[in-house]
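# Predicted model and sequence follow; I will ask about them next.
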Amino acid sequence: MAATPQSDVHAPYGPLPDGGTVRPITRWGTPVMHRPQARVTVFDDALRRLAADMVATMYAADGVGLAACQIGEDVAMFVFDCPDAAGERWVGVVCNPEVEVPEGRERRLDDDDEGCLSFPGAFVECARPDYATVRGQGLDGEPVEFSGDGLLARCLQHETDHTLGTVFGDRLPARARKKLQKLHDKAADDYPTTWPA
Ligand code: ZN
């Protein structure tokens, strides 16, 4: 994905926290990834440092989103830096996210490829609503809301799923899951357990 100039980044609630440390990415199969994460109730410096580590790790892994459980933390929070269908980049931090997708006649599925940093090296088609809104809280506990289409819609759904203990493999039919596993196994040597630290 081509990088867009920094001035084109939409950060309605401020820039992502920086200065974090790149940490190894937790993989599917680790218990913390398969249960709902603890809600954020204290908005302090430790939370901001965790978010900064998540941002550093997401960029090091060339990801567009990362949830706290993906660096082993049982905290319902994710960060993202992701383009929408028009190529506009959106960045944010969401604690305690709740996602809303169109229902009924408004609902259209998009079956583009999806991948997960916690199951690296593999992408398969995954059907999801083509628009999503996420509501939650920012790092100071303030209400935040993000909406979008394209990859951003997919990202907002994927990351909220993580905070609920769901990985996108759980949403795939058996055949697609098998294909995903195969691709992942083939690429395993490129992703040692310390990756991307
Ligand atoms: Zn993921």
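That came through fine.
# can you pull the buried residues of the longest helix along the chain?
Longest helix in the chain by number of residues (criterion: DSSP state H): helix 45-60. Residues 47-48, 50-60 are the ones in helix 45-60 that count as buried (16 or more other Cβ atoms under 10 Å). Quick note: C-beta positions are derived from backbone N, CA and C, even for glycine.
# elements contacting it?
strand 65-67, strand 77-83 (3 or more Cβ pairs under 8 Å, 6 or more residues apart in numbering; DSSP states H and E).
# most packed of the ones you listed?
Among the helices and strands packed on helix 45-60, ranked by average contacts under mean count of other Cβ atoms under 10 Å, first place goes to strand 65-67 (a mean of 27).
# Tell me how far I71 lies from L156.
19 Å (Cβ to Cβ, to the nearest Å).
# And the helices in this structure?
45-60, 150-163, 174-187.
# For these, give me TSV that also has mean pLDDT and distance to A197.
Formatted as TSV, the helices of the chain follow (pLDDT from 0 to 100; distance: least, Cβ to Cβ, whole Å):
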stretch	mean pLDDT	distance to A197
helix 45-60	98	7
helix 150-163	98	19
helix 174-187	96	18
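# Could you point out which of those sits nearest D8?
helix 150-163 (14.0 Å; Cβ to Cβ).
# Restricting the selection to alpha carbons, write that closest one to PDB.
The C-alpha trace of helix 150-163 is given here as PDB (Å, rounded to 0.1, in the frame of the first residue of the first chain):
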ATOM      1  CA  GLY A 150     -13.200   0.000   2.200                       C
ATOM      2  CA  LEU A 151     -10.300  -1.500   4.200                       C
ATOM      3  CA  LEU A 152     -11.100   0.800   7.100                       C
ATOM      4  CA  ALA A 153     -14.600  -0.900   7.600                       C
ATOM      5  CA  ARG A 154     -12.800  -4.200   7.600                       C
ATOM      6  CA  CYS A 155     -10.100  -3.000  10.000                       C
ATOM      7  CA  LEU A 156     -12.600  -1.600  12.500                       C
ATOM      8  CA  GLN A 157     -14.600  -4.900  12.500                       C
ATOM      9  CA  HIS A 158     -11.400  -7.000  12.700                       C
ATOM     10  CA  GLU A 159      -9.900  -5.100  15.600                       C
ATOM     11  CA  THR A 160     -13.100  -4.900  17.600                       C
ATOM     12  CA  ASP A 161     -13.400  -8.700  17.100                       C
ATOM     13  CA  HIS A 162     -10.000  -9.100  18.700                       C
ATOM     14  CA  THR A 163     -11.200  -7.300  21.900                       C
END
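# Export the buried residues of helix 45-60 as JSON lines, with columns for distance to Y131.
Shown next, in JSON lines, are the buried residues of helix 45-60 (distance: Cβ to Cβ, whole Å):
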{"residue": "L47", "distance to Y131": "29"}
{"residue": "R48", "distance to Y131": "30"}
{"residue": "L50", "distance to Y131": "29"}
{"residue": "A51", "distance to Y131": "26"}
{"residue": "A52", "distance to Y131": "30"}
{"residue": "D53", "distance to Y131": "30"}
{"residue": "M54", "distance to Y131": "25"}
{"residue": "V55", "distance to Y131": "25"}
{"residue": "A56", "distance to Y131": "30"}
{"residue": "T57", "distance to Y131": "28"}
{"residue": "M58", "distance to Y131": "23"}
{"residue": "Y59", "distance to Y131": "26"}
{"residue": "A60", "distance to Y131": "30"}
